Structure formats: C-alpha cells, structure tokens
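Colleague: For reference, the sequence and a predicted model appear below.
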Amino acid sequence: MSKHVWIARDYAACSGCRRCELACSIHHEGWMWPEASRVRVFMPFPGVEVPHLCSQCQDYPCVSVCPVDALSVDSNGAVIVDREACTSCSLCIKACPGQIPTLHPGDNKANICDLCGGAPKCVEVCVEADYNALTIVDEGPSIHRKLYSRHPVETAKDLAVMMFGEKGEEVIE
C-alpha cells in the first residue's frame, strides 16, 4: 500500500497572504484565478485566517455520495474529479463535514484538491515564504484527518479564542 500525501495545517501560522490560492489557480487554471482555487483562505474574523482544503477523510464521504461515480481516490489519497461525468449536483459539498468542495466558477463542476499529483503547489509557496501554515506529511491512513474537515468559521472560532482569549472575559473600562 502506498503512503498517502497529506497537507498538514498550522492555522495559527497562516498570515492570510493567499499565496496558496494563487499557486493552486496558476497550476490548475494557467492564470491567477483565486475563485477557482482548490484551497481557499477564509477570514471570518479580522486577524484570523483559515486555509480550507480537502482533508482526505478516511471514509471519503464526498466520493461515496456521488450518484454518477464522478469522484475517485488516487494513489496519493487525493480525490479526483471526472469533469465529464460530474453533473454539478453538489451532493459532495453537502456530504463533506467541512463543506470543502466547491463548484468551479468556470464549468460548475466539483472542485476538490487533487494534491497536484503528489507535489502540492500551495505547500511549496507556503514553505518558500517560511510561513509553514501548510506542510506535507507522508502518512498512512491512520492519521485522523477528518478532524481538519470542519467549516472554516468553526476553526476560526477556536483559533480566535487561542489568539485573543475567551469571550466573556471582563472588559476593563
């Protein structure tokens, strides 16, 4: 069994530069088109940036729910979209615990991280910038990746508490 490539996330290290979005869109689309990126950076609260991308859940709920078998998993553990077969039904988005897949703004087909064939461009630019919010981990299927498949607002809430303290703390007047 081959090892799966997995993109680890250090949310607190994300600067919000969005280099990952640009690198992804350049690699897949041939130009800077962040709306078509397979990784998205959300800022639900000022100062809290959350990179949001496929977590490669062990049970791949997006793949199993697809009624036309347009989604499959490659040897790296990435979800691959058969754009010809995809009907844009959005069931993969609804099945994902973090609602991570999107519909591509160009062809309205499922848009999910394919790990760039095992060498994710988002990680390359994040590490190159020395942020290391996204890094590569060669892991077998034992890591509990689904923990990272949360809606970005939920992740941002936890991150905001870590960075700025609990809500309800006494305000000094």
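Modeller: Okay, I see it.
Colleague: who's in contact with Glu84?
Modeller: By CB atoms under 8 Å, 6 or more residues apart in numbering, the contact list for Glu84 is empty. Just so you know, the C-beta spots here come from the backbone N, C-alpha and C atoms, and that holds for glycine as well.
Colleague: quick one: low-confidence parts of this structure?
Modeller: Within the chain, the segments meeting pLDDT under 70 span 1-3, 139-147, 167-173.
Colleague: at 80 what do you get?
Modeller: Under the criterion pLDDT under 80, the flagged ranges of the chain are 1-4, 138-164, 166-173.
Colleague: Trp33 reaches Cys24, doesn't it?
Modeller: No. Taking contacts as CB atoms under 8 Å, Trp33 lies outside contact range of Cys24: 9.4 Å.
Colleague: Same drill for those two, tell me which one is more crowded.
Modeller: The neighbour comparison of Trp33 against Cys24 (other CB atoms under 10 Å) goes to Cys24, with 25 against 17.
Colleague: which residues touch the residue nearest to the more buried one when sequence neighbours are not counted?
Modeller: Distance criterion CB to CB, 6 or more residues apart in numbering; nearest residue to Cys24, sequence neighbours excluded, is Ser37 at 4.2 Å. In this structure, Ser37 makes contact with 20-22, 24-25, 28, judged by CB under 8 Å, 6+ apart.
Colleague: I'd like to know how far Ser37 sits from Cys92.
Modeller: For Ser37, the distance to Cys92 equals 17 Å [CB to CB, to the nearest Å].
Colleague: Compare the contacts of Ser37 and tell me which is most surrounded.
Modeller: Ranked by neighbour count (other CB under 10 Å), those have Cys20 at the top, with 29 neighbours.
Colleague: shouldn't that one be in contact with Pro51?
Modeller: Yes. Contact criterion CB under 8 Å: Cys20 and Pro51 qualify, at 6.1 Å.
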